[in-house]
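Chemist: everything below, folded, please.
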Amino acid sequence: MLIPSPLLVVTDRHGSARPLVETVRAVLDGGARWIWFRDKDLEPATRRDLALELLALVRTAGGRLTIGGDAVLAAEIDADGVQLGAAYLELVPKSADAFGDRAVDLEPSLRGEVEAIQGQRTGVGVSALDCFATLAMTDEAPRRKGRGREAFVVGVSAHSLGDVRRAREAGADYATLSPIFTTASKPGYGPALGLDGLHEAAAIGLPVVALGGIAPEHAVACREAGAAGIAVMGGIMRAADPAAATRRYLQALHPLT
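Modeler: Below you'll find the predicted structure:
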């Protein structure tokens, strides 16, 4: 499937000098149409309220909002997608050895979370099939409020080729792959994979969105390496003028869009 946009803007209210809603409004004014609401360190009620505010803003601009790491919230507010951590892929009934690299330790809470969501999903209007890597990525997913399964995208945060393979086997719509370049925004995820790693990942057969240290001057090289798009957090969230920064990324992508 085609990803919603070749530019995915990842939120980080801590990196912005202004309130997140103002930053996202500026990003949309700059032309972005796919936003990943990542900020996960909020109280649930506060995060839900902020997600609803962002959803209204993004929808008014004709964009798509992906919720990071919270399938329940994505379902409840009728968002356009969910971005799952690689740990969720361990719920897929496959041997980790089949993917050629590391196994991801599944936190016990994840299994309980899935069970809880399966138990409450009928009251939300979206099946767990629409949300989790174990279930959502199947052709059997129910139609979603008449919009269709294709309207709800499921992404996976991958940090290795093995993660991308797991995501493909699980039926993800796309995977972000990071870090492509050295970045202060995503420490602790191992060495930079570089354009060669991105090229290998893109050959796996799942749309891959390059993330990590992506500057405008990297956009064309990432696309030429096979990336379906690029994801940017710090380069836009920390910019003095987020709208202008967004335009620079879109202009850099333009020759290949």
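
Chemist: neighbouring contacts of the helix or strand containing residue 243?
Modeler: Using DSSP states H and E, residue 243 falls within helix 242-253. Helix 242-253 is contacted from outside by 6-7, 9, 16, 23, 26-27, 29-32, 216-217, 219-220, 223, 229-230, 232, 235-236, 239, using CB atoms under 8 Å, 6 or more residues apart in numbering. Any C-beta I mention is one placed from the backbone N, CA and C, and that applies to glycine too.

Chemist: contacts only, for residue 15.
Modeler: 185, 233-234, 237-238.

Chemist: can we see that at 10 Å?
Modeler: 23, 184-185, 233-239 (CB atoms under 10 Å, 6 or more residues apart in numbering).

Chemist: most centrally placed residue in the chain?
Modeler: residue 83 (4.1 Å; CA atoms, centre = their mean).

Chemist: low-scoring stretches of the stretch 151-257 of the chain, by residue?
Modeler: 185-189, 255-257 (pLDDT under 70).

Chemist: for the longest helix seen in the chain, which helices and strands make contact with it?
Modeler: If you go by DSSP state H, the chain has its longest helix at helix 44-60. Counting contacts by 3 or more CB pairs under 10 Å, 6 or more residues apart in numbering; DSSP states H and E, helix 44-60 packs against helix 20-29, strand 34-37, strand 64-68, helix 71-76.

Chemist: need the contact partners of that helix.
Modeler: Residues contacting helix 44-60 (CB under 10 Å, 6+ apart): 11, 13, 19-21, 24-25, 27-28, 32-35, 37, 39-43, 63-68, 70, 72-74, 76-80.

Chemist: are any of those buried, and which?
Modeler: 11, 13, 20, 24-25, 27-28, 32-35, 37, 39, 63-68, 70, 72-74, 76-80 (16 or more other CB atoms under 10 Å).

Chemist: one step back: pull out the buried positions in the longest helix of the chain.
Modeler: In terms of neighbour count (16+ other CB under 10 Å), helix 44-60 has its buried residues at 47-48, 50-52, 54-55, 57-58.

Chemist: buried residues, stretch 191-211. List them.
Modeler: Result for stretch 191-211 [16+ other CB under 10 Å]: buried residues 192-193, 195, 197-202, 204, 206-211.

Chemist: just the CA trace of it, in CSV.
Modeler: Extracted in CSV, the C-alpha atoms of stretch 191-211 (Å, rounded to 0.1, in the frame of the first residue of the first chain):
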residue,chain,number,x,y,z
PRO,A,191,24.6,2.3,15.7
ALA,A,192,23.4,4.2,12.7
LEU,A,193,22.2,1.9,9.9
GLY,A,194,23.2,4.2,7.1
LEU,A,195,21.9,4.2,3.5
ASP,A,196,23.2,0.7,2.9
GLY,A,197,21.1,-0.6,5.8
LEU,A,198,18.1,1.3,4.5
HIS,A,199,18.6,-0.2,1.1
GLU,A,200,18.6,-3.7,2.5
ALA,A,201,15.5,-3.0,4.5
ALA,A,202,13.7,-1.6,1.5
ALA,A,203,14.4,-4.7,-0.4
ILE,A,204,12.4,-6.8,2.1
GLY,A,205,9.2,-5.8,0.5
LEU,A,206,7.5,-3.6,3.1
PRO,A,207,7.3,0.2,2.7
VAL,A,208,10.1,1.6,4.9
VAL,A,209,10.1,5.2,6.3
ALA,A,210,13.6,6.4,7.1
LEU,A,211,13.9,7.9,10.6
